[in-house]
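In: missing the sequence, but the structure's below:
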């Protein structure tokens with residue numbers, strides 16, 4: 001009911017049409033400059049500049065041209081494709097793309113307008129580059145194409161089209177991964193080009209900004225109609241509803257930009273199989289088994305979990321992630337000291353660690369303190385944990401979390417106890 005109300009409210013009285021519609025052609029953009037190719041050990045790196053669109057100004061039309069790198073295995077063959085999207089203030093993730101190519105993927109990464117720092121992307125061009133970093137994202141005046149985020153999402157969609165057009169890419173085996181603003185971009189691009197995406201992995205980024213994010217203050221500066229327009233067409237959670245393919249979000253409970261309610265609402269808006277993790281007390285990092293900077297594993301992506309994720313969905317290699325299918329928090333019964341939390345796990349790999357995390361709902365999401373209690377395994381994939389008696393009668397949120405032997409970590413949705 002909340003999501004239905006949310007989406008209906010945001011779409012009221014929005015006179016503008018979908019600004020992306022003229023560009024959703026599934027055709028690769030034109031490469032205006034080929035910067036050459038080099039062979040580096042077992043991979044080939046090609047750098048190009050492609051044309052995104054022309055922007056009309058008082059002085060005439062100004063082209064938006066985007067730098068991109070295409071990295072592939074040097075060995076001839078066909079491979080899954082992966083679109084890699086950088087975070088705020090960054091630029092094309094060439095080194096990370098090299099890592100993925102060495103694992104048997106054809107990778108495209110690009111400078112994302114509105115997300116990239118204009119001062120760090122000398123080979124990309126357009127009117128967006130004269131806008132100071134972080135500005136003109138939340139605007140719908142005179143129309144949405146004046147938002148730098150529109151420029152960024154469009155360029156990322158076109159990057160996906162260019163990746164799909166590569167002769168050595170298996171077209172029904174393409175994934176998207178991105179971090180922070182790149183996670184947002186991964187989400188909205190997956191919705192706009194849903195028939196081209198096999199699997200998506202978003203780090204931190206989500207949609208449904210008005211449900212819980214630092215960007216609420218920016219949205220509230222807009223007029224009611226401009227805010228509704230922006231949310232309808234540029235909020236990733238509202239563009240993802242047609243997606244039917246696997247989607248994973250790795251999030252921190254205390255993330256300064258994307259709060260757990262927004263992450264949850266984004267996942268619940270999708271029609272396909274979804275999964276996620278919440279890293280307790282974490283802000284824009286994932287310090288869990290299989291997460292960021294895990295010393296036990298070979299780090300290819302931002303987290304070590306990304307490689308087995310895409311290997312499974314794009315290469316049919318390995319096993320799916322564990323999935324917590326249900327969770328509940330029962331009132332104390334006679335003889336029990338505290339609240340009993342139970343959750344059920346579906347997993348084809350051995351679970352090595354299971355916990356319940358809980359936090360009193362007495363402060364903002366970014367300032368919450370999450371405590372953990374171990375969960376004990378029972379038959380049928382069930383796990384049980386008992387919260388301390390001291391929290392009885394207090395409003396709190398809790399969730400279950402498990403890690404397997406690879407290691408992969410997943411979580412349940414949050415459960416509220418009042």
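Out: Okay, I see it. What you are looking at is a predicted structure, and each value in this text was computed from that prediction instead of being measured.
In: Can you give the distance of the top helix by length along the chain from its chain's centre?
Out: Ranked by number of residues, the top helix in the chain under DSSP state H is helix 148-164. Helix 148-164 sits 15 Å away from the centroid of its parent chain (C-alpha atoms, centre = their mean, to the nearest Å).
In: helices or strands next to that helix in the packing?
Out: Under the contact criterion of 3 or more C-beta pairs under 8 Å, 6 or more residues apart in numbering; DSSP states H and E, helix 148-164 touches strand 43-57, strand 60-73, strand 79-85, strand 106-110, strand 169-179, helix 181-192, helix 224-234. (Each C-beta comes from the backbone N, C-alpha and C, glycine too.)
In: and the last one with helix 148-164, angle?
Out: So the one you mean is helix 224-234. 10 degrees (axes from the mean of the first three to the mean of the last three C-alpha atoms, to 10 degrees).
In: buried residues in helix 224-234?
Out: Using 16 or more other C-beta atoms under 10 Å as the test for burial, helix 224-234 gives 226-234.
In: out of those, who's nearest residue 58?
Out: For residue 58, the nearest member of the buried residues of helix 224-234 is residue 226. The distance, counting by C-beta to C-beta, is 22.6 Å.
In: Just the pLDDT for the nearest residue to the closest one once chain neighbours are set aside.
Out: Nearest residue to residue 226 in three dimensions, chain neighbours excluded: residue 140, at 4.0 Å (C-beta to C-beta, 6 or more residues apart in numbering). In this model, residue 140 is scored at 96, pLDDT.
In: Next: residue 240.
Out: Listed pLDDT for residue 240 reads 96.
In: who's the residue nearest to residue 105 when sequence neighbours are not counted bridged to?
Out: In this structure, residue 105 finds its nearest non-sequential neighbour in residue 82, 4.7 Å apart by C-beta to C-beta, 6+ apart. Residue 82 has these beta-bridge partners by DSSP bridges: residue 107, residue 175.
In: surely residue 82 meets residue 173?
Out: No - judged on C-beta atoms under 8 Å, residue 82 makes no contact with residue 173 at a distance of 9.5 Å.
In: Quick check: neighbours shared by the two?
Out: residue 314 (C-beta atoms under 8 Å, 6 or more residues apart in numbering).
In: ok, the two, which is more surrounded?
Out: Of the pair residue 82 and residue 173, residue 82 is the one with more neighbours under other C-beta atoms under 10 Å, namely 29 against 20.
In: Now do the same contact list for the more buried one.
Out: Counting by C-beta under 8 Å, 6+ apart, residue 82 makes contact with 100, 105-108, 163, 174-177, 310, 314.
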